[in-house]
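S.K.: just to be clear, the model below is a prediction. Sequence and coordinates:
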Amino acid sequence: KEIVVSGIRSTGYLHLGNYFGAIRNYIRMQETFNCYFFVADWHSLTTHPDPKDLRGNVFRVLAENIASGLDPEKVALYVQSDVPEIAELYLLLNMLAYMGELEKVPTFKDKVRLQPQNVNAGLLTYPVLMSADILIHRAVKVPVGKDQEQHLEMARNYAQRFNSRYGDLFPEPMAFNFGDNLVKIPSLDGVGKMSKSENQMATLYLSDDDELIRKKMKKAKTDSGPVEPGMPMPESIENLFLLMDQVSTPDVIKHFRDAYDNQSLRYGDMKAQLGDDMVNFIAPIREKALALQNDATYLNRIMKEGAEKARESAAQTLQQARKLIGIHYY
Ligand code: TYM
């Protein structure tokens with residue numbers, strides 16, 4: 001079975017971008033692949049979260065994954081910090097990572113812009129830790145959204161560098177999405193991708209209540225009026241159709257596409273429909289997650305079992321990495 005790894009940072013409530021970029025793939029992949037899915041709590045430390053928030057943040061991501069349909073019996077679902085082997089591989093990979101290339105990573109440059117008061121080395125080496133997450137299980141497929149594409153390229157670089165210096169150990173991990181192209185769910189305000197940290201009203205969270213979902217959809221950007229025939233579809237409308245493609249039935253999608261084509265589409269109607277369809281999609285996940293999130297006994301059991309599976313695989317890789325590097329003295 002092919003090995004799959006992917007992680008989600010525990011930095012806040014999960015949103016539709018996380019769902020359609022990552023989790024939807026997890027759920028399909030769990031049936032046929034050997035899957036390792038984890039909560040990236042170490043990665044969340046780059047922004048110095050309040051220590052008392054960590055546990056709740058980790059529980060929430062676990063609960064939202066399970067509520068979305070991830071089955072801890074079928075996959076290893078674990079928390080990154082429960083697998084210390086990852087940290088050791090990270091240390092080893094750091095010797096193969098060059099300052100120049102790390103400084104050029106766009107996500108690093110964004111952080112320098114967004115948090116200039118806290119440009120720590122953990123931010124700089126973020127892609128190295130992420131590579132360790134992936135390479136520790138010798139994964140070949142990594143289900144992620146489009147924003148992670150460059151990080152995957154770096155993981156392949158480190159795999160190659162390690163292999164050519166020390167001997168073959170790591171296969172090259174590829175970013176993966178069912179349906180080929182990696183997904184980028186747009187923000188509702190028409191500015192860039194949906195994300196945890198930016199405009200809250202432009203992000204649909206799996207935890208949003210029905211009223212808030214409808215309100216956010218209603219406010220979604222559709223500034224441009226009707227479009228002359230033959231002109232390209234405005235980006236804001238394209239974004240609405242993209243969302244509709246994810247959650248609405250084929251009949252509904254066809255109805256609104258036809259309306260657009262014969263210039264009778266009323267954006268308000270489309271957003272109202274999307275509001276309803278989003279509610280139908282999100283509400284069951286929200287309710288399940290809410291119930292799970294407070295079940296510490298269950299979540300702790302899941303985490304432990306997941307960590308056990310993950311450590312078994314991680315220890316094997318690490319042992320071989322040490323040996324190839326020459327760290328075997330006894
Ligand atoms: P994170 O926590 O920001 O996001 C988790 C997953 O959600 C995807 N995603 C999106 N996909 C489509 N459209 C969007 N608007 C959108 N927003 C987020 C992300 O691509 C990701 O798949 N560095 C990673 C976490 C990580 C990881 C790993 C992932 C750490 N180690 C190893 C894979 C393998 C991150 O910050 O994702």
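M.R.: Sure, I can see it. Model, not experiment: these values are computed from the prediction.
S.K.: ok, which stretches of the stretch 51-200 of the chain are helices?
M.R.: Residue ranges of the helices in the stretch 51-200 of the chain, as given by DSSP state H, counting those that start in this stretch, are 54-67, 84-94, 99-103, 106-114, 121-124, 126-135, 149-166.
S.K.: for the longest one, buried residues please.
M.R.: Think helix 149-166. Under the neighbour-count criterion of 16 or more other Cβ atoms under 10 Å, helix 149-166 has 151-152, 154-159, 161-162, 166 buried. Every C-beta, even on glycine, is put in place using the N, C-alpha and C of the backbone.
S.K.: ditto for the fifth one
M.R.: Counting neighbours by 16+ other Cβ under 10 Å, one finds that the buried residues in helix 121-124 are 122-124.
S.K.: run through the neighbouring helices and strands of the biggest helix by length in the chain.
M.R.: The longest helix of the chain (DSSP state H) is helix 296-325. With contacts taken as 3 or more Cβ pairs under 8 Å, 6 or more residues apart in numbering; DSSP states H and E, helix 296-325 sits against strand 34-40, helix 54-67, strand 76-79, helix 84-94, helix 149-166, helix 267-293.
S.K.: thinking residue 186 is in contact with residue 194, fair?
M.R.: Yes. Residue 186 lies in contact with residue 194 (Cβ atoms under 8 Å); the separation is 6.5 Å.
S.K.: what about the two, which has more around it?
M.R.: residue 194 (26 against 22; other Cβ atoms under 10 Å).
S.K.: which non-adjacent residue is nearest that one?
M.R.: With sequence-adjacent residues excluded and distances taken as Cβ to Cβ, 6 or more residues apart in numbering, residue 194 is closest to residue 17, at 3.9 Å.
S.K.: buried sites along the helix or strand hosting the one you found?
M.R.: In the assignment (DSSP states H and E), residue 17 maps to helix 16-18. Buried residues in helix 16-18, counted by 16+ other Cβ under 10 Å: 16-18.
S.K.: from those, which are also near the ligand?
M.R.: 17-18 (Cβ under 6 Å from any ligand atom).
S.K.: looking at the buried residues of helix 16-18, which is nearest the ligand?
M.R.: residue 17 (2.6 Å; Cβ to the nearest ligand atom).
S.K.: what sits against residue 137?
M.R.: 3, 5, 36, 310, 313-314, 317 (Cβ atoms under 8 Å, 6 or more residues apart in numbering).
S.K.: residue 270 reaches residue 240, doesn't it?
M.R.: Yes. Proximity of residue 270 to residue 240 meets the contact threshold set by Cβ under 8 Å, at 5.9 Å.
S.K.: what residues does the chain have near the ligand?
M.R.: Counting by Cβ under 6 Å from any ligand atom, the chain sits next to the ligand at 5-9, 17-18, 20-22, 40, 43, 130, 133-134, 142, 144-145, 147-148, 183-185, 193-195.
S.K.: in strands, which of the residues you listed fall?
M.R.: 5-9, 40, 142 (DSSP state E).
S.K.: which of the residues you listed has the most neighbours?
M.R.: residue 5 (27 neighbours).
S.K.: give me the pLDDT for residue 317.
M.R.: Looking at residue 317, its pLDDT is 98.
S.K.: rewinding a little: just checking, the residue nearest to residue 194 touches residue 185?
M.R.: Yes. The criterion here is Cβ under 8 Å, and residue 17 meets it with residue 185 at 4.0 Å.
S.K.: so what sits against both of the two?
M.R.: Contacts common to residue 17 and residue 185, judged by Cβ under 8 Å, 6+ apart, are 145, 193-194.
S.K.: could you find the closest non-adjacent residue to the closest residue to the ligand within the stretch 101-250 of the chain?
M.R.: Relative to the ligand, the nearest point of the stretch 101-250 of the chain is residue 145 (2.1 Å; Cβ to the nearest ligand atom). Of all residues not flanking residue 145 in the chain, residue 21 sits nearest, at 2.6 Å (Cβ to Cβ, 6+ apart).
S.K.: show me what contacts the one you found?
M.R.: By Cβ under 8 Å, 6+ apart, the neighbours of residue 21 are 144-147, 177, 182-185.
S.K.: show me the contacts for the residue nearest to residue 315 when sequence neighbours are not counted.
M.R.: Spatial nearest neighbour of residue 315, chain neighbours left out: residue 85 (5.8 Å); criterion: Cβ to Cβ, 6+ apart. Taking Cβ under 8 Å, 6+ apart, we find residue 85 in contact with 136, 311, 314-315, 317-318.
S.K.: in the chain, where is pLDDT below threshold?
M.R.: 224-227 (pLDDT under 70).
S.K.: buried only: go through the contacts of residue 85 for me.
M.R.: 136, 311, 314, 317-318.
S.K.: can you name the two of those residues that are farthest apart?
M.R.: Longest distance between any two of those is 10.8 Å, between 311 and 317; criterion Cβ to Cβ.
S.K.: domain ranges for this structure?
M.R.: As recorded under automatic domain parsing, the domains making up the chain are 3-185+296-325, 208-289.
S.K.: distance from the chain centre to stretch 90-97, please.
M.R.: Stretch 90-97 has its average C-alpha position 23 Å from the chain's average C-alpha position, going by Cα atoms, centre = their mean, to the nearest Å.
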